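Peer 1: Got a sequence here, can you build the structure:
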Amino acid sequence: MSPTDLLAVVDLGSNSFRLEIARLEENRLLSLLYRKETVRLAGGFAPDGTLTPDMESRALAALTRFRECLLGVAPENVLVVGTHAMRRASQNTAFLRAAERALGAPIEIISGEREASFAFSGAVRSLPYSAEERLVVDIGGGSTEMASGHGTTIGRSASYPVGCVSASIGFFPDGRITPDRQEAALAHALTVLADAAKTFPGASSSEAYMTAGTFRAVVETCRNLGWTKDEVRLEHIEELIARLLRSKGRFAQAFPGMRADRYEVIAGGLTVLQAVYRTLGLSEARLSQGGVRVGLLYELLGNPPYRDEREDSVRDLARRLSLDIHQGERAAFWAKHLLSLLAPEASESLRQNLRAAALLHEAGQAITGHNAPRIAAQLMRNWTLAGVARADRFETANLLQWQEGPLPEDPSPDEDDPFWRAVLALRLALVFLQARIEPSFPDMRYDESSDTLTLPATWLQGRPLTNQCLYEEEERWKDAGLSLRICRE
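Peer 2: The predicted structure is shown next:
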């Protein structure tokens, strides 16, 4: 691979330095290397505003390690930016020049508004397309960036000088978490963020997404506690703060599964997050896999037109496994139609995950014929797909796991859960498509009150295998404690 085929970006943040190397493959970015150095630059300033000697050494050592990774990338394909803490540190010209020598590349110090634009671009390009207005919030170490817009076009952007590191150092310097300190930290964050309510007046009705480590850690913790699969609500944040206060700073007890390197800054991060929700009137927000680094990579590419990375990623995986994409499209079409009958209230997220499962339903068979659904599910859980959030990967994996064979009996499925209606939609679609041709759609109808799916008997007369499989499907759902009747008339 030529150095000119590679793209590299370095984000010198206030909490962490991050490097990513990627290449463009069939109009989508493929990440090849990711490195993170937790430097905590925002916490390394002396009273006179300069970086302490220890912090300078720490930062330069991290950049020297990054330099080795950049050796195989053409210089013109490297983009390095410094954000909030680097804006302060760069006032010392000698340090900035030493940093560029250590890294072997020029460093561009960007404004908070430009940082917000990169976060927005990276976030929306990692999400399925939507015509609705989206708000993206990036809580960094020393500042919080916000941007809103439609598609990849930004309407508003702003930066506020409060972040997880600065709030933690300012109000919890010795690691002691008390109600008085937390209230003071919240009051400060609300004051700093006050203008955001005017800058983003429609935030409460926008699709809200967040990037960066604080929100990622909160999402993972909420999942580990069984509170949510994807969205984080204000009450989740406030309960995490309450757990932290009750635990008296015992982070592992308060936040099961959280990485230890977040403990030092999570108290400040949660407080800033709470202030963001309150200021903007947000009821919930979701995690975007993309952020500043993805936005920087697209900047290197010249910001090409928007593409749905989720769809591209799923199709790319299907191609890599040499799957029959035509059969996958047939299965997706039928499953979508069946779900519209069985669960018209299903969320858009579930519909998208059902489509992905249908396109990839033969993934397990591409690897082994034994326990193919389980293998397909494991593959989906462990294969990182651009534009596909972790929660969506796991839901798609669960759909794949139950695409055929017996259903779980303990615990038995909840027949009111749209997820199990999606499982049924996929299973029935695959029953109807065993001949691997596009059959004519039967005139089906579904009666929710009696859990009865009605198909024309005349349509089934020439399909004895399909008819037999439908009888077997009824028995499997009955064994799982669910009422499903398939009527032929």
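Peer 1: does residue 340 belong to a helix or a strand, and which?
Peer 2: helix 325-342 (DSSP states H and E).
Peer 1: cool, residue 240 as well?
Peer 2: Using DSSP H and E, residue 240 falls in helix 234-247.
Peer 1: which parts of the helix or strand where residue 373 lies are buried?
Peer 2: Under the criterion of DSSP H and E, residue 373 resides in helix 372-382. Going by neighbour count (16 or more other C-beta atoms under 10 Å), the buried part of helix 372-382 is 372-380. (Glycine included, C-beta is placed from N, CA and C.)
Peer 1: what about residue 20, helix or strand, and which?
Peer 2: Going by DSSP H and E, residue 20 is part of strand 16-25.
Peer 1: how close does the nearest residue to residue 246 once chain neighbours are set aside sit to residue 220?
Peer 2: Among residues not flanking residue 246 along the chain, residue 254 sits closest, at 7.5 Å (C-beta to C-beta, 6 or more residues apart in numbering). Separation of residue 254 from residue 220 (C-beta to C-beta, to the nearest Å) stands at 13 Å.
Peer 1: Tell me which of these two has more neighbours.
Peer 2: With neighbours defined as other C-beta atoms under 10 Å, residue 254 and residue 220 compare such that residue 254 has more, 22 against 18.
Peer 1: Contacts only, for that one.
Peer 2: For residue 254, the contacting residues are 240, 243-244, 246-247, by C-beta atoms under 8 Å, 6 or more residues apart in numbering.
Peer 1: Equivalent analysis for residue 280, please.
Peer 2: 135, 196-197, 200, 203-204, 208.
Peer 1: before we move on, what about residue 440?
Peer 2: residue 459.
Peer 1: Average pLDDT for the helix holding residue 373, rounded please.
Peer 2: In this model, helix 372-382 carries a mean pLDDT of 85.
Peer 1: which outside residues touch it?
Peer 2: 360-365, 367-368, 393-394, 396-398, 400-405.
Peer 1: moving C-terminal of that helix, what's the next helix or strand?
Peer 2: Next along from helix 372-382, by DSSP H and E: helix 390-401.
Peer 1: Now do that following helix: distance to the chain's middle.
Peer 2: 13 Å (C-alpha atoms, centre = their mean, to the nearest Å).
Peer 1: now swap in stretch 120-136 and tell me
Peer 2: Worked out by C-alpha atoms, centre = their mean, stretch 120-136 lies 12 Å from the chain centre.
Peer 1: got the CA positions of the helix holding residue 340 in CSV?
Peer 2: Taking C-alpha atoms only, helix 325-342 is exported to CSV below (Å, rounded to 0.1, in the frame of the first residue of the first chain):
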residue,chain,number,x,y,z
ILE,A,325,-26.8,-9.7,-2.0
HIS,A,326,-29.8,-10.3,-4.2
GLN,A,327,-31.2,-12.9,-1.8
GLY,A,328,-30.4,-10.5,1.1
GLU,A,329,-32.3,-7.7,-0.6
ARG,A,330,-35.3,-10.1,-1.2
ALA,A,331,-35.2,-11.0,2.5
ALA,A,332,-35.0,-7.4,3.5
PHE,A,333,-38.0,-6.4,1.3
TRP,A,334,-40.2,-9.2,2.7
ALA,A,335,-39.1,-8.7,6.3
LYS,A,336,-39.9,-5.0,6.1
HIS,A,337,-43.4,-5.7,4.7
LEU,A,338,-44.1,-8.3,7.4
LEU,A,339,-42.9,-6.0,10.2
SER,A,340,-45.2,-3.3,8.9
LEU,A,341,-48.1,-5.8,9.5
LEU,A,342,-46.9,-7.3,12.7
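Peer 1: relative to helix 390-401, how tilted is it?
Peer 2: Using axes from the mean of the first three to the mean of the last three C-alpha atoms, to 10 degrees, one finds that helix 325-342 and helix 390-401 are set 100 degrees apart in direction.
Peer 1: list the buried ones in helix 325-342?
Peer 2: 327-336, 338-339, 342.
Peer 1: correct me, but residue 420 touches residue 414?
Peer 2: Yes: between residue 420 and residue 414 there is a contact under C-beta atoms under 8 Å: 6.5 Å.
Peer 1: for this structure, what spans make up the strands?
Peer 2: With DSSP state E as the criterion, the chain has strands at 6-12, 16-25, 28-38, 78-82, 108-109, 134-139, 144-150, 153-160, 207-211, 232-233, 284-287, 445-447, 452-455, 485-488.
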